[in-house]
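Engineer: Quick one: sequence and predicted model below, then my questions.
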Amino acid sequence: MCANQTKDNGDQPILVYVLSGYLGSGKTTVLQKLLKGAKARGWKAAVLMNEAGDVNLDGELLAKDVPMAELLGGCICCSVKNDLGLSLLQLAREHRPDVIWIESTGVAQPLEMMDAVTEVSMYAKLELRGLITVVDARHLLDRLRLGAGKTLRLMREQIRGAALLLLSKTDLVGRGEAEEVRAQLREWNPSAAIEDALKGETGTDLITLLPGAVDIDVRNHYHDRHGHNHDRQGHDHGAPRLHDHVHVLTHYPSGPFSSENFERFLRELPASVYRAKGIVTFTDTAARYLFQFAYRESDFMPVASRNPAPDVIVLIGEDFSASDLRERLVGLGTGTD
Ligand SMILES: Nc1nc2c(ncn2[C@@H]2O[C@H](COP(=O)(O)OP(=O)(O)OP(=O)(O)O)[C@@H](O)[C@H]2O)c(=O)[nH]1
């Protein structure tokens, strides 16, 4: 391979992560570490920042060479939902990054966020890999002591929706208190990885903790600048962490399948998958279809033929086995479903 050949991720999905966490929990601090880690690995990263106010001060704290889009004056999950789509698409098309980090406002509802981000998968090859929630140990503890309330409820939702939980401000609590917080996190979200992140510093390289990030390593290293041909399975990058119990699963079908198989697949989805959407091509119909599945009802609409996005199926749920569902999805195309 030629030494100055650059990586080509043309056909690879851009991986998207949402950084969630209550106001002041340490999201920007973590984002700075993520950007540093991405740079060290030669990944091209971009950032989308959402601030509830009219100015974005956090953006000032980030490296100037990182493409960044800002959404001000509202929260992604409600008032600026459509703008999020446009900004994400623009970032994706203009910069073709390997990874996009979205820093959400501290008050964002995680499920609404997932819904908004996955909507963009209908227009560009982009894959939401999950929510990373930063939890302020001190603040959560104080809220737990106060008992039920709106803020505690939101913190709990952000924790429940996460694939990775980063515990910040452990320096502001005692050792026993930190353990109390960890136990609470495990109770609310038993499938998430939990890591201490004091001022954004984690014991293990933060990048390796991201669900699915090894995929970026694999694609980059395969075309690495020095021409080294690395193992596409990523075996030389340490053992990838398994996040089988995911909340979002994005699948790109390798070809069309029968509408009957697909309808059966939707009917047989486990109750833990409460939202699905995508674009599919059937062997037995002329048009491509955009489908929406919510509250176990599905809806199909023909897609304009000019939509350049590839076929895609996105599943969103509480906690489901990705490998099991992925197997069923692959089976759709082979008729073994
Ligand atoms: N003591 C302590 N302070 C921290 C830690 N992590 C972050 N901070 C500080 O907490 C403050 C808020 O951190 P940010 O990273 O800006 O938090 P954020 O979640 O982006 O804040 P918003 O965007 O306002 O929601 C900053 O002053 C950080 O330096 C930590 O682990 N311990």
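Structural biologist: Perfect, I can see it now.
Engineer: what about the closest residue to Asp171 other than its chain neighbours, how many residues close to it?
Structural biologist: Sequence neighbours aside, Leu198 is the residue nearest to Asp171 in space, at 5.8 Å (criterion: C-beta to C-beta, 6 or more residues apart in numbering). The C-beta positions use only the backbone N, C-alpha and C, and glycine is treated the same way. Using other C-beta atoms under 10 Å, Leu198 is surrounded by 17 other residues.
Engineer: Next, the contact list for Leu198, please.
Structural biologist: Taking C-beta atoms under 8 Å, 6 or more residues apart in numbering, we find Leu198 in contact with Ser168, Lys169, Thr170, Asp171.
Engineer: wait, His129 sits on Ala163?
Structural biologist: Just so we're on the same page, residue 129 is Arg rather than His. Yes: using C-beta atoms under 8 Å, Arg129 makes contact with Ala163 at a distance of 7.4 Å.
Engineer: List the residues that are in contact with both of those two.
Structural biologist: Shared contacts of Arg129 and Ala163 (C-beta under 8 Å, 6+ apart): Pro211.
Engineer: quick one on the thing from earlier: make JSON lines from the contacts of Leu198 and add distance to the ligand, secondary structure and pLDDT to it.
Structural biologist: JSON lines is the format used below for the contacts of Leu198 (distance: C-beta to the nearest ligand atom, whole Å; DSSP: H, G, I helix; E, B strand; the rest coil; pLDDT from 0 to 100):
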{"residue": "Ser168", "distance to the ligand": "4", "secondary structure": "strand", "pLDDT": "97"}
{"residue": "Lys169", "distance to the ligand": "4", "secondary structure": "coil", "pLDDT": "96"}
{"residue": "Thr170", "distance to the ligand": "7", "secondary structure": "helix", "pLDDT": "96"}
{"residue": "Asp171", "distance to the ligand": "5", "secondary structure": "helix", "pLDDT": "95"}
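Engineer: What about Lys169, how many residues nearby?
Structural biologist: 22.
Engineer: Pro310 too?
Structural biologist: Neighbour number of Pro310 under other C-beta under 10 Å is 14.
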